[in-house]
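quick one: sequence plus predicted model below, questions after.
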Amino acid sequence: MTNSTVYDRLGVPTVINAHTTATRLSGGIMRPEVAEAMREATQWTVDMATLQGRACEIIAGHTGAEAGYVTAGAAAALLLGTAACVTGLDPARMNRLPDTAGMRNEVIVPRSHRNFYDHAVRAAGVTLVEVGLSDRYAGAGVRDTEAWEIAAAITERTAAVLYVAGHDARPPLPAVVAAAHAAGVPVLVDAAAQLPPAANLRRFIAEGADLVCFSGGKAIGGPQASGILCGRRDLVMAAALQHLDQDIHWELWNPPPALFDKARLPGLPQHGIGRTAKVGKEAVVGLLTALDLFVAEGDDTRTARWTAQMQTLAAALAGLAGATATLVGRSRRTIVPTVHLTLDEDALGLTALEVVRRLQDGEPSVHANASRVDDGIVVFSPVALRPGDEHRIADRVRSVLRAASER
Ligand SMILES: *Cc1c(COP(=O)(O)O)cnc(C)c1O
C-alpha cells in the first residue's frame, strides 16, 4: 500500500482539474516547499498578532501597500475590508457589527460589478448601492457606469466604493479612486483572480486603491482557504482588530508595531465579525511561502512551464476526427496559456457541453472548462494540473470522441 494516497484511504476519488483553481474542485496543486513550511509551522506555537505583523511587512513588500494581512480567502478579505471601512478604529462599532445602525453603512458599486462574491461585503452589515447601467453588456450601447455617476451617488452614508477588477472592468480604477477620494471615501478592490500577472500585486495599490483583496488559493498557490488584504495602514489595522482573537487584558496586549498602533485605540474589541473566517498559523506561513515563490518564479518562467504542458496536450490531441486542438497563448484577457478543443458538433453528434460532461463523469474524472461550450469549444487550463495530467486528459478526450464516432 506504499503508493496509496490519503484520498485512497478515505475512499474519495481524485479528479484531474483542467478547469482552473476552482474552489469546488479543491483549488490547485501546492508546491512541496509550501506544504513543508505548513507542516513545520504546525510544530510550534507563536503569538498570532506577531505572525500577522511579520506577514504585514512581507505583504507590504510585495504589494507596495502600507500594510497587509493574511485572510481566509479573498472573500474573507472583502468582509474584513468592508468592516474596516464601516468601523474605522472604533472598537465600540466593531463590537456592534453586523448591526450598522447609525454608521456609514452603504457601499457603492458599479452595477456591472455586482456578483455573488459580494455576499462577503454585505455580510458586514452594509447595503450595496448599485450605480449606472451597463449598456455595453446589454448590447444596447457602448457605455457603462461612469466615474461621475459614482461621485454623484456618494452620500454621508457611504462607507466605501467596491470595485471588482478585471481586464474589462469599467470605469477605470484611477477615475473611480479620484471620484471617491474627492469625497473622502475609500475604494475596496476585489482582485481575487487578477494574478498572474504578478505586476497586479502592485497595480491596484499604485492606482490608488485603499484596500485590495487577493485570493491565496488561486494562482499564488497558497493554502486553498487563504487570501490577502492589503492597503492603508489604518484600514488593515481595523480589519486585523476584527479578526484576531483579542481576548486579553489591555495591559498585557503588546502588539507588533507593523500592524497595530496601540496609541490610537481606546480599547480592544474581543472577537470581531471576522472570527468566522479565522486563519491558522499554518495558513499564514503557507501563504507567505507561496507568495515569495510566486513572485520569485516570475511570469515568464511560469508561463513557459504552463505553455510546455499545454503544447504537449495540444500535440497529443492533434489529428482527432471532428475536433481541432489549438494552443491559445497570451491575450488581452489573460496571460495563462490554454488549449481550446473546437468541436465539429454536427459531425460528432456531440455538443461541447456533452463532451465536458462525459469527461467529468468518466474515469479518471477530467474537469474541463465549460465557459466556451456555447461556441463549441472545450477549454483546458494548466493552472491546477499535476505533471503528466496532460497525457491522461488526452487519453480521455480520445476515448470520448472515439466512442462518439463509433456509435
Ligand atoms: C475567487 C474569487 C473570489 C473569492 O476568493 P476566495 O479566495 O476563494 O475567497 C472573490 N471574488 C472574485 C472576483 C473571485 O474570482
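Yep, that arrived.

can we go C-alpha only for contacts and neighbour counts from here?
Noted.

and the residue nearest to G208 when sequence neighbours are not counted, how far from the ligand?
In this structure, G208 finds its nearest non-sequential neighbour in V177, 6.1 Å apart by CA to CA, 6 or more residues apart in numbering. Between V177 and the ligand the computed distance is 19 Å (CA to the nearest ligand atom, to the nearest Å).

same deal with R104?
23 Å.

what sits against that residue?
The contact partners of R104, by CA atoms under 8 Å, 6 or more residues apart in numbering, come to V86, E156, R157, T158, A159.

elements contacting the helix or strand encompassing the last one?
If you go by DSSP states H and E, A159 is part of strand 158-164. With contacts taken as 3 or more CA pairs under 8 Å, 6 or more residues apart in numbering; DSSP states H and E, strand 158-164 sits against helix 74-87, strand 106-110, strand 187-190.

looking at the ones you listed, which is closest to R330?
Closest approach to R330 among those (CA to CA): strand 187-190, 22.7 Å.

report the mean per-residue pLDDT for the longest helix anywhere in the chain.
Longest helix of the chain, by residue count under DSSP state H: helix 281-316. The average pLDDT within helix 281-316 is 97.

near the ligand at all, it?
No: shown here: helix 281-316 not in contact with the ligand (CA under 6 Å from any ligand atom), separated by at least 11.5 Å.

show me where the stretch 201-350 of the chain has helices.
233-241, 281-316, 345-348 (DSSP state H, counting those that start in this stretch).

again but with the stretch 1-150 of the chain, I slipped
For the stretch 1-150 of the chain, the helices defined by DSSP H, counting those that start in this stretch cover 6-10, 32-41, 48-63, 74-87, 91-96, 119-122, 135-138, 147-153.

how many neighbours does the residue in the stretch 301-407 of the chain that the ligand sits nearest to have?
The minimum distance from the stretch 301-407 of the chain to the ligand, using CA to the nearest ligand atom, falls at T334 (13.5 Å). T334 has 15 neighbours, counted by other CA atoms under 10 Å.

let's number from 37 now, not from 1
Happy to do that; since the first residue is 37 now, the last one works out to T370.

how close does it get to V364?
10 Å (CA to CA, to the nearest Å).

same thing with L349?
To V364, L349 is 12 Å away according to CA to CA.

between the two, which one's more packed in?
Higher neighbour count among L349 and V364: L349, with 26 against 17, using other CA under 10 Å.

next, count neighbours for the nearest residue to that one once chain neighbours are set aside.
Take L349 and drop its neighbours on the chain: the residue closest to it by CA to CA, 6+ apart is E426, 5.1 Å away. When neighbours are defined as other CA under 10 Å, E426 has 23 of them.

and the gap between E426 and L301?
55 Å.

over to A332?
37 Å.

what of R366?
According to CA to CA, R366 and L301 sit 48 Å apart.

which positions in the stretch 87-236 of the chain make contact with the ligand?
G109, A110, A111, A112, Y153, D226, A228, A229.

pLDDT at the nearest residue to P207 once chain neighbours are set aside, what is it?
Using CA to CA, 6+ apart and skipping the chain neighbours, the partner closest in space to P207 is E182 (5.5 Å). pLDDT recorded at E182 is 97.

relative to the ligand, how far out is E182?
From E182 to the ligand the distance is 20 Å (CA to the nearest ligand atom).

surely that residue touches R206?
Yes: counting by CA atoms under 8 Å, E182 touches R206, with 7.4 Å between them.
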